[in-house]
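Engineer: Sequence first, predicted coordinates after that:
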Amino acid sequence: MDINFNKNEDQNKLLVSELRKRLADVKLGGGKNRIEKQHQLGKMSARERIEYLLDDKSNSIEIGAFAGDNMYKEHGGCPSAGVVVKIGFIKGRQCIVVANDATVKAGAWFPITAKKNLRAQEIAIENRLPIIYLVDSAGVYLPMQDEIFPDKEHFGRIFRNNAIISSMGIVQISAIMGSCVAGGAYLPVMSDEALIVDKTGSIFLAGSYLVKAAIGEDIDNETLGGAVTHSEISGVTDYKAKDDKDALDTIKNLIDKLGLPSNAGFNRIKSAKPAENQEDIYGILPGSRTEQYDMLEIIKRLVDNSEFQQYKEGYGKTILTGYARIDGWAVGIVANQRKVVKTSKGEMRFGGVIYSDSADKATRFIANCNQKKIPLVFLQDVTGFMVGSKSEHGGIIKDGAKMVNAVSNSVVPKFTVIIGNSYGAGNYAMCGKAYDPRLIFAWPSAELAVMSGNSAAKVLLQIEKASLKKKGEKITPEKEAELYDEIKRRYDRQISPYYAAAHLWTDAIIDPLDTRKWISMGIEAADHAPIDKKFNMGVLQV
């Protein structure tokens, strides 16, 4: 191993170590004291509930763990958006579980909470996965009601989706394990079956204080909307549980009786580990986003037996395309080649840049995978499309548009891994969040932005200098350097993978060694949803 490999390895392992530390902090939710308070009330925490419900906590993936990270500081923060979402197995059946975290503002809904819940429902709809709601929430966070209540993608969309999910025949089960008030009361009632925990669960449109203020009636919350009321009088709930574990055991029993799902029929054989050492990824991936490396070496450490059948290997070399298996699943891989390559004409091509021929190759390959019903995996480390007169005269816009069209109209499930750079239109062409990947996740080395920090800082610096000069201010070299550093620091914060994850532009930040697990879990989920559309690129087909 050379010295660069060792340096890369050290840096990437430090990034993974930081990831683990930040995940550990996030998993505490509102803090140890509030978790202990839950226990004193006879309640499990959101994460404890999910862990008890799933067959094997290690055989699961968490969606949006960093949602809300460093947001709403003026309101005390909102770790994991106040809700925990995991895909895992209950009695051998793959499900998605959504659990309100009552240690974070009593489980109240912030704007990012609504966005994360909608993402969970989107995953359930796309993959036809049973969805389990573990409800323990005070409802909308009132100080921010204008940002969560009335718009299309706000709180009300949750209940609209409940109806849509039900009409699709996707199983929804809710357990009322704490508060469930006002508009939030519709979620469990719009599920197929609802459980309520005695003494700790309650559900009503208005609590006792509001009832007193509105109509003058004196009544306590338990009589108003507790387990006995709704299990024996109103009939709102279907099952009464004596405690959290009893409720979760009931859910297990209900899931255990589900009929077998239809499936899409994606090709899978017995899994095999990569022949190359997976941990070499840490040493291969450079510490700097500007350095070159061979993406093929990364692929060999992600796919079964390290076998990758390249498609059009000698053409459009700045994108690698080909067939492989990941955990036994057949996949088509579209990856940005990150080293300088030479064409058959002797021309040198920059790594990470999409040229006309590479866009053309990717378009054809995506069409082939749709024809063969093979899921697509995009490995992003892209700085964008090639610019300049030669590229423009060669029709780069047309070829780029064809690639974007193919990605947009693809009917097989798509999975996107952001390894390094994810800049500008390259993010779009390589199946960024706007192009409906079933899962999109990043390595700690990822950067998402319109352009790199250096490039953006230089552009923004010129704008700032022009503005100051108009005001008559003199720009000294020292002042210019100070402005540049300030702009770059601000921009670098926004291109961090944690900033993207906080805003749910990605579903997760993961250790590179977990990539195979995430893709495999994603394809297994997607296999629940038969493909009922045909691939068609419209006018660009010709």
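Structural biologist: Yes, it's here.

Engineer: packing partners for the strand or helix carrying N427?
Structural biologist: Assigned by DSSP states H and E, N427 belongs to helix 424-429. Secondary-structure packing of helix 424-429 (3 or more C-beta pairs under 8 Å, 6 or more residues apart in numbering; DSSP states H and E): strand 376-382, strand 384-385, helix 396-409. In this view, the C-beta of every residue, glycine as well, is placed from N, C-alpha and C.

Engineer: Specify the local secondary structure of R338.
Structural biologist: Following DSSP: H, G, I helix; E, B strand; the rest coil, the label given to R338 is coil.

Engineer: Wait, it touches S288, no?
Structural biologist: No. With contact defined as C-beta atoms under 8 Å, R338 does not count as touching S288 (11.5 Å).

Engineer: Isn't I418 up against L448?
Structural biologist: Yes. Between I418 and L448 there is a contact under C-beta under 8 Å: 6.6 Å.

Engineer: and the helix holding N427, average pLDDT?
Structural biologist: Averaged over helix 424-429, pLDDT sits at 92.

Engineer: How far does the helix or strand just after it sit from its chain's centre?
Structural biologist: Counting by DSSP H and E, the next helix or strand C-terminal to helix 424-429 is strand 439-442. Relative to its parent chain, strand 439-442 has a centroid offset of 5 Å by C-alpha atoms, centre = their mean, to the nearest Å.

Engineer: Likewise for stretch 37-48?
Structural biologist: 27 Å.

Engineer: Looks to me like K245 is in a strand.
Structural biologist: No. Applying three-state DSSP, one finds K245 to be helix, outside a strand.

Engineer: give me the low-pLDDT residue ranges for the stretch 101-250 of the chain?
Structural biologist: 183 (pLDDT under 70).

Engineer: Could I get the full set of strands for it?
Structural biologist: Remark: strands assigned in the stretch 101-250 of the chain by DSSP state E, counting those that start in this stretch are 131-137, 172-181, 193-197, 202-204, 239-241.

Engineer: quick one: which of those is nearest G426?
Structural biologist: strand 131-137 (33.5 Å; C-beta to C-beta).

Engineer: Using CSV, write out the CA atom coordinates for that closest one.
Structural biologist: In CSV, the C-alpha atoms belonging to strand 131-137 read as follows (Å, rounded to 0.1, in the frame of the first residue of the first chain):
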residue,chain,number,x,y,z
ILE,A,131,-46.6,0.7,7.3
ILE,A,132,-46.8,0.7,11.1
TYR,A,133,-47.4,3.9,13.0
LEU,A,134,-46.5,4.1,16.7
VAL,A,135,-48.3,7.2,17.7
ASP,A,136,-47.2,9.4,20.7
SER,A,137,-47.5,13.0,19.7
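
Engineer: Neighbouring strands - and their directions - for that strand?
Structural biologist: Counting by DSSP bridges, the strands paired with strand 131-137 are strand 93-100 (parallel), strand 172-181 (parallel).

Engineer: quick one on the thing from earlier: pull the residues that contact the helix holding N427.
Structural biologist: 336, 352, 354, 359, 362, 380, 382-385, 400, 403-404, 407, 434-435, 448, 450-451 (C-beta atoms under 8 Å, 6 or more residues apart in numbering).

Engineer: Now list the buried members of those.
Structural biologist: 336, 352, 354, 359, 362, 380, 382-385, 400, 403-404, 407, 435, 448, 451 (16 or more other C-beta atoms under 10 Å).

Engineer: Give me the number of neighbouring residues for E464.
Structural biologist: 17 (other C-beta atoms under 10 Å).

Engineer: For T223, which residues are in contact?
Structural biologist: T229.

Engineer: what about it, distance to L195?
Structural biologist: The gap separating T223 from L195 is 20 Å, by C-beta to C-beta, to the nearest Å.

Engineer: Burial check on the spatially closest residue to A138 that is not a sequence neighbour, number of neighbours?
Structural biologist: Excluding its sequence neighbours, the residue lying closest to A138 (C-beta to C-beta, 6 or more residues apart in numbering) is A106, at 3.9 Å. Counted with other C-beta under 10 Å, residues neighbouring A106 total 18.

Engineer: Equivalent analysis for I319, please.
Structural biologist: I319, neighbours per other C-beta under 10 Å, totals 27.

Engineer: Please report how far it lies from E126.
Structural biologist: Using C-beta to C-beta, one obtains 26 Å as the distance from I319 to E126.

Engineer: Do I have it right that E126 meets L439?
Structural biologist: No. The criterion here is C-beta under 8 Å, and E126 misses it with L439 at 9.9 Å.

Engineer: on that earlier part again, and the helix holding N427, how far out from the chain middle?
Structural biologist: For helix 424-429, the distance to the chain centre is 18 Å (C-alpha atoms, centre = their mean).

Engineer: which residue lies farthest from the center of the chain?
Structural biologist: G472 (47.3 Å; C-alpha atoms, centre = their mean).
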